[in-house]
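In: sequence plus the predicted model coming up.
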Amino acid sequence: GAGVSQSPSNKVTEKGKDVELRCDPISGHTALYWYRQSLGQGLEFLIYFQGNSAPDKSGLPSDRFSAERTGGSVSTLTIQRTQQEDSAVYLCASSTLARVDGYTFGSGTRLTVV
Amino acid sequence: SQQGEEDPQALSIQEGENATMNCSYKTSINNLQWYRQNSGRGLVHLILIRSNEREKHSGRLRVTLDTSKKSSSLLITASRAADTASYFCASDQGAQKLVFGQGTRLTINP
């Protein structure tokens, strides 16, 4: 596609429920990243996928968070047993391996846990 | 934390004035990038400066990099109302992922 697509745009969920956030990167971009941004804050790295290599999960805040990338394309970020502190905007980005043009970000998913 | 710092946190200027934002980072880098974010959603890549470059221009944007001080600055000249946004620096530290600063919230007053 022309850009990075994320869905849903907004998600309101009850505390304790599981949520899945989807990211569809730019075709041909081998690198995919998930970041989290709390209100008025900077971006917190969560996880990075590159081709068929093992993902860099070093930013995942707890074992309630997991992500997968199927077929080197679409990625899903799953948060189990959501907590109120999980409320944030979850941003996905993709890039070429060389990253010469920086990242292309999606519009994000605003997650609200009530 | 590996995150960089940006200063000021917020900047408000009159339309037509120049805006300068500063960024500091903590480790050696391959390159440093600046992004703009409108309304708390997706970021847009503005400019990338490599570690062996000292200054780069793109339209009304001028970026400088001082690797000895581990700092960068973004200058927006002749500001416009449409420049109102948050601006983030991001350092490529060679670990395959960018490390973002906390951002500067820029307001251009008509």
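Out: Cool, got the structure.
In: need the residues of chain A near chain B, please.
Out: Neighbours of chain B within chain A, by CB under 8 Å from any CB of the partner chain: A:4, A:31, A:33, A:35, A:37, A:39, A:41-43, A:45, A:48, A:50, A:56, A:59, A:89, A:91, A:93, A:99-108. For glycine as for every other residue, the C-beta is placed from the backbone atoms N, C-alpha and C.
In: can I get the buried part of those as one PyMOL selection?
Out: Those of the residues of chain A next to chain B that count as buried under 16 or more other CB atoms under 10 Å in any protein chain shown are selected in PyMOL with:
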select buried, chain A and resi 4+31+33+35+37+42+43+45+48+50+56+59+89+91+93+99+102+103+104+105+106+107+108
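In: check which helix or strand covers the residue most central in space within chain A.
Out: Note on chain A: the residue nearest the mean C-alpha position is A:Trp34, at 3.3 Å, using CA atoms, centre = their mean. In this structure, A:Trp34 sits in strand A:31-37 according to DSSP states H and E.
In: what's the closest non-adjacent residue to the residue in chain B that chain A sits nearest to?
Out: As assessed by CB to the nearest CB, chain A sits closest to B:His45 within chain B, at 3.6 Å. The shortest distance from B:His45 to any non-neighbouring residue, by CB to CB, 6 or more residues apart in numbering or on different chains, is to A:Gly102 (3.6 Å).
In: which element is that neighbour on?
Out: Under DSSP H and E, no helix or strand contains A:Gly102.
In: so for the strand holding A:Trp34, what's the average pLDDT?
Out: In this model, strand A:31-37 has a mean pLDDT of 95.
In: which regions of the chain lie under the pLDDT threshold?
Out: You didn't pick a chain, so chain A it is. A:1 (pLDDT under 70).
In: wait, I meant chain B there
Out: Ranges of chain B meeting pLDDT under 70: B:1-3, B:40, B:95.
In: and it, which of its residues are near chain A?
Out: Contact residues, chain B versus chain A (CB under 8 Å from any CB): B:3, B:33, B:35, B:40-45, B:48, B:88, B:90, B:92, B:95-103.
In: so how do I select the buried members of the residues you listed in PyMOL?
Out: What follows is the PyMOL syntax for the buried subset of the residues of chain B next to chain A, where burial is set by 16+ other CB under 10 Å:
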select buried, chain B and resi 3+33+35+41+42+43+45+48+88+90+92+96+97+98+99+100+101+102+103
